[in-house]
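1. This is the structure alone, sequence omitted:
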């Protein structure tokens, strides 16, 4: 806290009032906890950190599985429709 007071004092001495008032504004703000809530597949709100991490794990796993299926499908289509490739 003393560090901030020194910054404000120095800012006021050097006519850098903008920086001094930014520090004061930062100190006066109330702390607000960030919400880390997501919904599960059924729409239920998850608030526990472990449940949220598990949900992200399954969600990204499904995305990567779907992406790899799409890549496999397009590579087959490209090889059959690409006139430059010879079999």
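-> Perfect, I can see it now. Treat the numbers as computed from the prediction; the structure is a model and nothing was measured.

2. can I assume residue 4 sits in a strand?
-> No: under DSSP: H, G, I helix; E, B strand; the rest coil, residue 4 falls outside any strand and is assigned helix.

3. give me phi/psi at the residue nearest the centre of the chain?
-> Taking C-alpha atoms, centre = their mean as the criterion, residue 36 is the residue nearest the geometric centre of the chain, at 10.8 Å. Per-residue torsions, residue 36: phi -120, psi 70 (degrees, to the nearest 10).

4. mind starting the numbering at 685 from now?
-> Got it, first residue is 685 now, which makes that one residue 720.

5. Let me see the contact set for it.
-> Residue 720 is in contact with 731, 733, 736, counting by C-beta atoms under 8 Å, 6 or more residues apart in numbering. Where C-beta positions appear, they are placed from N, C-alpha and C, glycine not excepted.

6. Can you report how many residues neighbour the first one?
-> Think residue 731. 10 (other C-beta atoms under 10 Å).

7. Let me see the contact set for it.
-> 720-721.

8. how much space between it and residue 718?
-> 12 Å (C-beta to C-beta, to the nearest Å).

9. before we move on, what about the last one?
-> Relative to residue 718, residue 736 is positioned 12 Å away (C-beta to C-beta).

10. These two: which is more packed in?
-> More neighbours surround residue 736 than the other of residue 736 and residue 718, with 15 against 5 (other C-beta under 10 Å).

11. and the more buried one, what does it touch?
-> Residues near residue 736 by C-beta under 8 Å, 6+ apart: 720-722, 730.

12. Which of the three states applies to it?
-> helix.

13. Equivalent analysis for residue 748, please.
-> Residue 748 ends up helix, using three-state DSSP.
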